[in-house]
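*Asks:* this is a predicted model, with the sequence first.
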Amino acid sequence: MSTSGPSAVLLRDWVTGSLRLTARTVAALSDDGPDVPAPRLEPDKVVGEALLLLRATADVGAGRADPDWRRLYAAAAPLARPASVPAAICCDPAHALEAAFCHLQLSALGDTDPGIDLLLDLALAEPDCGPEPYVVTALHRAWLRALREEGPDLAGVAALLERSSLGRQVDVLRCSTQDVYDLTHAVMHGTDLGRWRIPVPRPEADLVPDLDALLALALDARNLDLTTELLWCWPMLGLAPSPARARALDEVASVRADQGFLPGPGFEREVHALLAPQAQDAYVLRTSYHASLVLGILGASMLAAGPPRGAPTQLDGGLAALDLTVALRNASDRSDLQAVRGLLELALELDLAEGRAVQQAASLLRRSAAMMSPRAAARLASS
């Protein structure tokens with residue numbers, strides 16, 4: 001693979017494969033199928049994400065004229081407005097946009113429903129009630145409003161991004177998987193999958209090392225679903241290539257070529273191998289449709305963005321810093337302060353003391369030392 005990433009041919013193959021596997025997943029919603037050791041598919045989630053993939057791929061390559069795009073559209077569109085949607089909008093106006101998630105995406109693709117639009121108008125005319133929504137929820141709602149109004153409030157979206165993970169340093173040693181998904185969803189909704197060119201709320205030189213560190217942690221956890229969502233930050237935000245991006249793209253491309261799909265976090269090769277062929281297919285859809293779907297969104301966003309700016313720099317040193325990040329996170333998770341200290345000494349020897357994980361690990365040691373001092377220990381004993 002070139003330093004700039006996968007070829008356009010490979011990216012289009014990712015899009016095609018994603019459209020096809022997602023169409024099979026939507027079709028499986030109407031069939032109980034064989035009993036397999038994986039959670040059943042959630043219809044609302046699958047249809048909503050299928051429509052998101054359709055939006056992401058509507059204008060790349062053959063777009064809407066692509067037979068695979070048309071097949072997925074034909075499968076998902078009839079399921080986008082179940083009978084429960086009007087009642088949900090009517091009874092809970094505070095969450096009307098979320099209830100209309102599939103409706104709004106279908107409308108943005110040209111298939112409108114005036115009756116649901118009228119209900120939505122009435123619901124959204126109600127005054128806001130309750131506490132302000134969490135910033136990721138607020139970004140999601142701002143994106144849905146933009147779909148409905150055919151244009152975003154860019155200033156409002158930029159202000160929300162300032163409050164999101166994009167505007168704040170990442171706690172590399174303690175962030176949860178959900179924290180990282182919150183960041184990737186802020187990017188997706190805050191840019192409309194890369195369509196809106198909104199300024200990144202902090203300097204690229206400060207943001208990209210955080211994204212690199214998160215990619216390293218996702219790869220170490222073998223979570224290719226999360227890895228792929230992190231990778232779309234580059235094309236959607238217009239960022240220059242980085243060492244972790246190059247490593248992650250190679251890994252995603254290699255696994256997808258080997259498996260024929262991108263395994264999700266719940267996929268276990270040993271379990272898959274023991275199943276009958278029909279059950280194997282059901283197991284893949286239940287465990288891995290989302291990972292394959294986000295790979296299609298990544299491919300589409302990279303095609304839409306075109307070649308990235310420049311090429312990865314300081315590849316060897318950058319990868320050493322990523323390996324150090326993973327080691328520090330693992331030592332912190334084990335509460336192994338001796339290992340943390342040893343890794344910090346290694347960072348000094350390798351001139352890698354400027355990384356986020358190194359700085360946060362040093363702060364961890366300072367707090368630990370303060371906690372274990374005699375005076376601090378006395379305070380703890382008397383508390």
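*Replies:* Thanks, I have the structure now.
*Asks:* which residue, other than its chain neighbours, is closest to residue 94?
*Replies:* Nearest non-adjacent residue to residue 94, counting by Cβ to Cβ, 6 or more residues apart in numbering: residue 129, 5.7 Å away. Quick note: C-beta positions are derived from backbone N, CA and C, even for glycine.
*Asks:* would you say residue 339 is within a helix?
*Replies:* Yes. Looking at residue 339 with DSSP: H, G, I helix; E, B strand; the rest coil, it is inside a helix.
*Asks:* so it makes contact with residue 331?
*Replies:* Yes. Counting by Cβ atoms under 8 Å, residue 331 is a contact partner of residue 339 at 3.9 Å.
*Asks:* which of the two has more neighbours?
*Replies:* residue 331 (21 against 15; other Cβ atoms under 10 Å).
*Asks:* you'd agree the more buried one is up against residue 344?
*Replies:* No. Residue 331 lies out of contact with residue 344 (Cβ under 8 Å); the separation is 9.9 Å.
*Asks:* need the overlap of contacts for these two.
*Replies:* residue 361 (Cβ atoms under 8 Å, 6 or more residues apart in numbering).
*Asks:* so which bits of the longest helix anywhere in the chain are buried?
*Replies:* Counting by DSSP state H, the longest helix found in the chain is helix 277-305. Judged by neighbour count using 16 or more other Cβ atoms under 10 Å, the buried positions of helix 277-305 are 279-305.
*Asks:* show me what that helix packs onto, helices and strands only.
*Replies:* helix 8-28, helix 43-57, helix 224-231, helix 233-237, helix 269-274 (3 or more Cβ pairs under 8 Å, 6 or more residues apart in numbering; DSSP states H and E).
*Asks:* pLDDT on the second one, on average?
*Replies:* For helix 43-57, the mean per-residue pLDDT is 97.
*Asks:* now that helix: buried residues?
*Replies:* 44, 46-57.
*Asks:* out of those, which is nearest to residue 67?
*Replies:* Each of the buried residues of helix 43-57 was scored against residue 67 by Cβ to Cβ, and residue 57 proved nearest at 12.6 Å.
*Asks:* how near is that closest one to residue 19?
*Replies:* Going from residue 57 to residue 19 by Cβ to Cβ, to the nearest Å gives 7 Å.
*Asks:* what touches both of these two?
*Replies:* With Cβ under 8 Å, 6+ apart as the test, residue 57 and residue 19 both reach 66, 69, 296.
*Asks:* what are the contacting residues of stretch 212-222?
*Replies:* Residues contacting stretch 212-222 (Cβ under 8 Å, 6+ apart): 170, 172, 175, 177, 180, 183, 224, 226-227, 230-231, 242-245, 247-248, 251, 265, 318, 321-323, 325-326, 329-330, 355-357.
*Asks:* how about residue 37, secondary structure?
*Replies:* coil.
*Asks:* what strand or helix carries residue 182?
*Replies:* helix 177-191 (DSSP states H and E).
*Asks:* can you list the buried residues in that helix?
*Replies:* 180, 181, 182, 183, 184, 185, 186, 187, 188, 189, 190, 191.
*Asks:* measure the closest residue to residue 25 other than its chain neighbours to residue 89 for me?
*Replies:* Residue nearest to residue 25 in three dimensions, not counting chain neighbours: residue 289, with 4.2 Å by Cβ to Cβ, 6+ apart. Separation of residue 289 from residue 89 (Cβ to Cβ): 27 Å.
*Asks:* mind putting the shared contacts of residue 57 and residue 19 into JSON lines with pLDDT?
*Replies:* As requested, those are arranged in JSON lines below (pLDDT from 0 to 100):
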{"residue": "66", "pLDDT": "97"}
{"residue": "69", "pLDDT": "98"}
{"residue": "296", "pLDDT": "98"}
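*Asks:* now flag whichever of those is closest to residue 23.
*Replies:* Using Cβ to Cβ, these come closest to residue 23 at residue 69, 9.5 Å.
*Asks:* and the angle from whichever strand or helix holds that closest one to helix 43-57?
*Replies:* Assigned by DSSP H and E, residue 69 falls within helix 67-76. Angle, helix 67-76 to helix 43-57, by axes from the mean of the first three to the mean of the last three Cα atoms, to 10 degrees: 150 degrees.
*Asks:* packing partners of helix 67-76?
*Replies:* helix 8-28, helix 43-57.
*Asks:* would you confirm that residue 188 contacts residue 233?
*Replies:* No. Using Cβ under 8 Å, residue 188 is not in contact with residue 233; the gap is 9.1 Å.
*Asks:* what is the burial count for residue 8?
*Replies:* So residue 8, with other Cβ under 10 Å, has 14 neighbours.
*Asks:* now do the contacts for the residue nearest the centre of the chain.
*Replies:* In the chain, the centroid-proximal residue (Cα atoms, centre = their mean) is residue 229; its distance is 3.3 Å. Contact analysis of residue 229 by Cβ under 8 Å, 6+ apart lists 180, 181, 184, 185, 188, 294, 298.
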